[in-house]
Structure formats: C-alpha cells, structure tokens
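Peer 1: Sequence first, predicted coordinates after that:
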Amino acid sequence: MTLLRHTPAGEIKEREALVINPAKTCQPIGAMYASLGIHGALPHSHGSQGCCSYHRSTLTRHYKDPVMASTSSFTEGSAVFGGQANLLTAIQTIFSVYDPKVIAIHTTCLSETIGDDMVQIRKKAFDDGKVPDGKLIIYGNTPSYVGTHVTGYANMVKGIVRDLVKASETKGEHLAVIPGWVEPCDMREIKRYLNVLGVPFVMFPDTDGVFDAPMTGKHVFYPKGGAKVEDIATAGAAKASLSLGRVATLLGSEELSKTFGVEGDVVDLPIGLAATDRMIESLIKTYGLTVAESINDERGKLVDLLSDMEQYLWGKKVAIFGDPDQLIPLTEFLKTMGMDVRHIVTGTEGNYIRDRLTEINPTANLKVGGDMFLLHQWMKNEPVDLLIGNTYGKYMARDEDVPFLRFGFPILDRQGHQHFPTVGYMGGIRLVEQILNLLMDRIDRDVEEHKMELQM
Ligand code: SF4
C-alpha cells in the first residue's frame with residue numbers, strides 16, 4: 001500500500017483548473033513571518049479567525065514556539081459590509097492590552113475581496129485617537145488568491161520600507177540589508193559575514209532571536225530579537241542596499257530606491273559556492289573591501305569537501321521543489337556538486353523564475369506554478385536518487401523509496417532548521433554533509449554484505 005496511491009505514472013496530462021498538493025502556502029503566512037522580524041511588532045490578520053489560526057499554527061509547527069498574532073475576527077456582518085469597525089476596535093484593544101510598538105496588518109482573501117482600504121482605515125484609527133503616541137501601524141496587502149507565502153513576505157517587506165524607513169538628505173556609510181525568506185540562523189550567519197568583513201549595516205526583517213529565542217523560564221511577550229524600528233528608519237540614509245533573493249525582496253528594494261533614493265544590488269540568496277561568491281562580490285563592489293582570511297578559509301573548506309566527496313555526488317539524480325529564491329541557488333549548487341537535477345517544481349509563478357532555472361539547468365523537467373502531484377508523476381516516470389523539499393515531500397519519498405532532504409518551508413517533522421544555517425560557505429558544508437549522509441546511508445542499507453565499507 002502506498003500513501004499517494006492515486007498518483008499515476010505514464011502519460012502526464014496538462015491541468016489548468018486543478019491543483020493537487022500545492023507546492024506553496026498562502027500570502028499572509030509570509031507577511032506574518034516578515035512582521036515578526038520587527039522588534040516589538042504584533043502581526044494582525046485582517047480577516048476571519050480561521051485564516052489567522054492557520055497562519056499562526058503553520059509558523060508554530062515549523063518553529064515549535066508559540067507565534068503571537070491578532071485577528072479582526074470577521075463575522076457574517078463584516079464579510080458583507082466590510083471590516084473597518086472590527087479593525088478599529090482591534091487596534092484600540094491591541095494597543096491597550098498587548099502594548100506593541102507596531103501593529104503590522106496584513107489582509108486576507110476576505111478583506112481584499114470586500115475591498116477594505118488599509119490606508120483609509122489606518123488614517124481613521126489615528127484621527128479617532130485609537131493609536132497612542134509613538135505607536136505605529138504598518139500594512140501589507142496579501143490576498144491569497146494570487147501569489148504565495150513568498151509574495152506575502154515581499155508585500156510586507158515593501159510595507160516595512162514604505163512605513164518605517166525615514167527619508168534623509170545626507171547619506172551614511174551603512175548598508176541596508178533585506179534578507180529574503182530564510183531561517184533565523186541564516187540571518188544570523190549573514191550578519192556574521194557583514195561583521196567579519198567590517199560592513200556597517202541595518203538588516204530588516206530580522207528573525208534572529210525571535211523564532212529561536214532561548215528558554216529563560218520567564219514569559220516575554222515580545223522576544224528580544226528583531227530589527228528595531230529606529231534602526232529600520234535609518235535605511236533611508238544608507239549608502240546602498242543589498243537584497244538577497246529577488247522574489248522576496250525586489251518590492252522592498254524598489255521601494256528603497258524609488259522613495260528614498262537608496263540604490264543597490266539584488267542578488268540570489270547566498271546558498272552554495274557561486275551564490276555566496278556573488279554576495280561577497282557585491283560587498284566588494286560597494287565597499288572596496290578585502291575579503292577576510294577567515295572567510296576565504298571557509299570557502300576553501302567547502303571546495304575541499306566537494307572535491308573529496310565528488311565520487312558519491314557525481315551524476316546522482318535529484319528532484320527538488322520549494323520556493324524560487326531557494327531553488328535558484330540550490331539548483332546551481334547541486335550542479336556544482338556534479339549532481340543531475342532532473343525535476344524542479346515551484347508553486348510561485350513568474351517569468352524571472354522560469355528564465356533563471358532554465359538558464360542554470362536547461363535539461364530538467366521544470367514547472368513554475370506547478371504542484372507536487374506533477375512532481376510525483378515525473379519521479380515515477382524518471383526515478384531519482386534524492387528528493388529535496390519541505391516536509392510535505394515525505395509521502396512521495398516514502399512511496400518511491402527515495403532519500404529525502406528536508407529543506408525550505410515548512411519543516412514540521414524535524415528540528416535544527418532554525419539553528420543551523422544553510423547560507424554562506426559553512427551553510428554549504430552543512431548541505432553537502434546532509435546530502436552525503438543520506439546517500440551514504442542508502443549505500444550502507446542496500447549494498448551486498450561483502451561490499452560493506454568501513455571507510456567511505
Ligand atoms: S487562502 Fe485566503 S481564506 Fe484561505 S487561509 Fe489564506 S488568506 Fe485565509
């Protein structure tokens with residue numbers, strides 16, 4: 001008996017109206033994640049309680065930590081007449097009971113369909129005296145009938161820039177860094193690079209110290225991590241910007257450029273050798289710095305590992321699915337390892353994604369805006385040695401008896417993703433280690449007795 005026994009092999013029919021096992025989640029989850037990267041912010045879901053519960057629980061299950069968020073609690077009345085009254089009441093209650101520095105509102109399918117005007121409702125909240133002095137309200141439009149959780153992240157990042165960054169006539173020396181959707185540990189690793197290289201910076205959003213906060217025995221409503229509002233404000237005076245992962249950060253980067261005159265590079269997430277090189281080259285271009293010996297050493301260690309272990313990686317077939325900003329550099333990195341990426345599916349649509357993935361790996365089966373049912377069919381028709389993707393891939397991995405690397409969002413059934421970075425050269429080493437372990441475990445499991453090797 002197989003778990004996904006209704007997935008057929010053989011001919012693959014084009015489907016337009018039906019998605020089976022989507023390779024994406026909905027926009028507000030991304031907005032919620034980005035909002036929690038601001039210190040003292042409370043995400044607010046402008047819609048029904050059900051949406052908010054789903055978004056909170058997905059983040060909670062990924063991080064095994066409670067995720068705070070409020071909701072406008074739409075009823076039948078608000079669904080028909082609009083949610084302004086609910087939101088105004090919510091704003092007043094939230095500031096008086098939970099005392100956040102910022103309420104970060106994201107919309108939902110329902111409030112977007114009704115057409116609630118966030119700009120007007122926010123103005124009315126201030127006009128009606130519902131916002132205490134010094135407190136802030138930001139928003140992102142995140143209707144989930146278009147886009148994915150990555151689009152929601154991008155929309156909230158744009159909202160952070162638009163509503164929290166301050167214009168400045170004079171420019172400083174610091175860099176405004178917008179990380180794409182990566183784990184808290186990845187943000188910490190990128191900050192380590194900037195510190196080692198001597199680059200002054202402000203990073204936002206920043207979930208380091210938010211989703212991986214230590215247990216202290218004391219309940220703290222707002223974790224000590226997150227980008228501070230006063231620091232984010234200084235991005236308008238930055239010398240330049242650096243945005244990591246185009247799909248999740250381009251809107252924020254464009255807002256920084258258009259509204260505040262802060263220009264910069266949008267590069268891939270620094271996953272793997274070449275993408276990390278490109279991030280560092282961007283920093284060299286902006287700051288004319290010399291790369292620290294310790295960073296060069298880390299790069300050398302990754303190259304050494306790749307050359308030592310090439311025989312286990314070369315030619316191995318891989319299927320991957322997930323978010324485009326991860327898939328692009330990850331595909332490139334797998335190719336650097338000599339692996340053969342056969343099937344690629346992302347739930348997020350866009351010509352840029354298609355063009356980049358085609359350029360990096362022109363011979364793969366590629367579906368941009370696809371689902372996991374299609375990926376499973378491809379795997380049945382052309383089996384692979386390794387599957388990489390979020391937790392939902394475990395059913396395909398089990399049915400096809402394929403080693404499975406959990407990577408991306410969400411990971412609901414394993415630990416470590418919030419603590420051990422996969423960006424940068426050391427992150428690359430971790431990825432190679434994880435892949436090698438899976439492939440070598442498979443060899444140990446399947447090899448004939450007389451071929452068992454102690455040293456591989
Ligand atoms: S898809 Fe729309 S209705 Fe469903 S949880 Fe997401 S925002 Fe709510």
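Peer 2: Noted; the coordinates are in hand.
Peer 1: Just give me the neighbour total for the closest residue in space to residue 162 that isn't next to it in sequence.
Peer 2: Taking C-beta to C-beta, 6 or more residues apart in numbering as the measure, residue 162 lies nearest to residue 255, with 5.6 Å between them; neighbours along the chain are not counted. To be clear about C-beta, it is placed using only N, CA and C from the backbone, and glycine gets the same treatment. Other residues near residue 255 number 20, with proximity taken as other C-beta atoms under 10 Å.
Peer 1: which helices and strands does the helix or strand hosting residue 255 pack with?
Peer 2: Under the assignment given by DSSP states H and E, the secondary-structure element containing residue 255 is helix 246-260. Contact partners of helix 246-260 among helices and strands, from 3 or more C-beta pairs under 8 Å, 6 or more residues apart in numbering; DSSP states H and E: helix 149-164, strand 175-179, strand 240-244, strand 264-267, helix 324-336, helix 351-360.
Peer 1: Centre of the chain to it, how far?
Peer 2: The offset between the C-alpha centroid of helix 246-260 and the centroid of the whole chain comes to 16 Å, using C-alpha atoms, centre = their mean, to the nearest Å.
Peer 1: Give me the phi and psi for the residue of the stretch 351-456 of the chain found nearest the ligand.
Peer 2: Ranked by C-beta to the nearest ligand atom, the top residue of the stretch 351-456 of the chain for proximity to the ligand is residue 410, at 14.3 Å. When read as degrees, to the nearest 10, the backbone of residue 410 gives phi -90, psi 160.
Peer 1: Please name the nearest non-neighbouring residue to it.
Peer 2: Leaving aside its sequence neighbours, residue 410 sits nearest to residue 62 (C-beta to C-beta, 6+ apart; 4.3 Å).
Peer 1: tell me the SS of that neighbour?
Peer 2: Classification of residue 62 by DSSP: H, G, I helix; E, B strand; the rest coil places it in helix.
Peer 1: Repeat that for the one 5 residues further on.
Peer 2: Taken by three-state DSSP, the conformation at residue 67 corresponds to coil.
Peer 1: Enumerate every residue touching it.
Peer 2: 32, 36, 56, 59-60 (C-beta atoms under 8 Å, 6 or more residues apart in numbering).
Peer 1: which among those end up buried?
Peer 2: Among these, those that count as buried by neighbour count (16 or more other C-beta atoms under 10 Å) are 32, 36, 56, 59.
Peer 1: Tell me how many other residues surround the residue in the stretch 251-400 of the chain that the ligand sits nearest to.
Peer 2: Using C-beta to the nearest ligand atom, residue 347 is the residue of the stretch 251-400 of the chain that sits closest to the ligand, at 12.8 Å. The burial count assigned to residue 347 is 24, neighbours taken as other C-beta under 10 Å.
Peer 1: That one contacts residue 374, doesn't it?
Peer 2: No. Look at residue 347 against residue 374 with C-beta atoms under 8 Å: they stay out of range, at 10.8 Å.
Peer 1: how about the helices in the stretch 301-450 of the chain?
Peer 2: With DSSP state H, counting those that start in this stretch applied, the stretch 301-450 of the chain shows helices at 310-313, 324-336, 351-360, 372-381, 394-400, 424-446, listed in chain order.
Peer 1: what packs against the second one?
Peer 2: Helix 324-336 is packed against helix 246-260, helix 273-287, strand 317-322, strand 340-346, helix 351-360, helix 424-446, with contacts defined by 3+ C-beta pairs under 8 Å, 6+ apart.
Peer 1: Redo these as TSV? Include mean pLDDT.
Peer 2: Formatted as TSV, the helices and strands packed on helix 324-336 follow (pLDDT from 0 to 100):
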stretch	mean pLDDT
helix 246-260	98
helix 273-287	98
strand 317-322	98
strand 340-346	98
helix 351-360	97
helix 424-446	98
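Peer 1: how about those, which one is nearest residue 18?
Peer 2: Relative to residue 18, the nearest member of the helices and strands packed on helix 324-336 by C-beta to C-beta is strand 340-346, separated by 15.3 Å.
Peer 1: so the residue nearest to the spatial centre of the chain, which of the three states?
Peer 2: Taking C-alpha atoms, centre = their mean as the criterion, residue 181 is the residue nearest the geometric centre of the chain, at 2.2 Å. At residue 181 the chain is in coil, as set by three-state DSSP.
Peer 1: From the ligand, how far off is it?
Peer 2: Distance, residue 181 to the ligand, using C-beta to the nearest ligand atom, to the nearest Å: 17 Å.
Peer 1: Turn the helices and strands packed on helix 246-260 into TSV, including mean neighbour count and distance to the ligand.
Peer 2: Output for these, formatted as TSV (neighbours: other C-beta atoms under 10 Å; distance: least, C-beta to the nearest ligand atom, whole Å):
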stretch	mean neighbour count	distance to the ligand
helix 149-164	27	9
strand 175-179	27	24
strand 240-244	25	26
strand 264-267	19	27
helix 324-336	25	19
helix 351-360	16	21
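Peer 1: And the ones you listed: which comes nearest residue 385?
Peer 2: helix 324-336 (11.4 Å).
Peer 1: Could you figure out how far the closest one is turned away from helix 246-260?
Peer 2: Direction vectors for helix 324-336 and helix 246-260, defined by axes from the mean of the first three to the mean of the last three C-alpha atoms, to 10 degrees, enclose an angle of 130 degrees.
Peer 1: what's the offset of helix 324-336 from the middle of its chain?
Peer 2: 14 Å.
Peer 1: and what of stretch 365-372?
Peer 2: The gap between the average C-alpha position of stretch 365-372 and the chain average comes to 18 Å, counting by C-alpha atoms, centre = their mean.
Peer 1: Show the model's pLDDT score for residue 1.
Peer 2: The predicted local confidence for residue 1 comes out at a pLDDT of 70.
Peer 1: Would you check how far apart it and the ligand are?
Peer 2: For residue 1, the distance to the ligand under the criterion C-beta to the nearest ligand atom works out to 31 Å.
Peer 1: ok, now which ones touch residue 340?
Peer 2: Contact criterion C-beta under 8 Å, 6+ apart gives 315-318 as the residues in contact with residue 340.
Peer 1: Most neighbours among those residues, which one is it?
Peer 2: Ranked by neighbour count (other C-beta under 10 Å), those have residue 318 at the top, with 25 neighbours.
Peer 1: Need the distance between the two termini of stretch 415-423.
Peer 2: For stretch 415-423, the separation between the terminal residues is 17 Å (C-alpha to C-alpha, to the nearest Å).
Peer 1: and if you look at stretch 56-69?
Peer 2: Looking at stretch 56-69, the gap from its leading to its trailing residue is 7 Å under the measure C-alpha to C-alpha.
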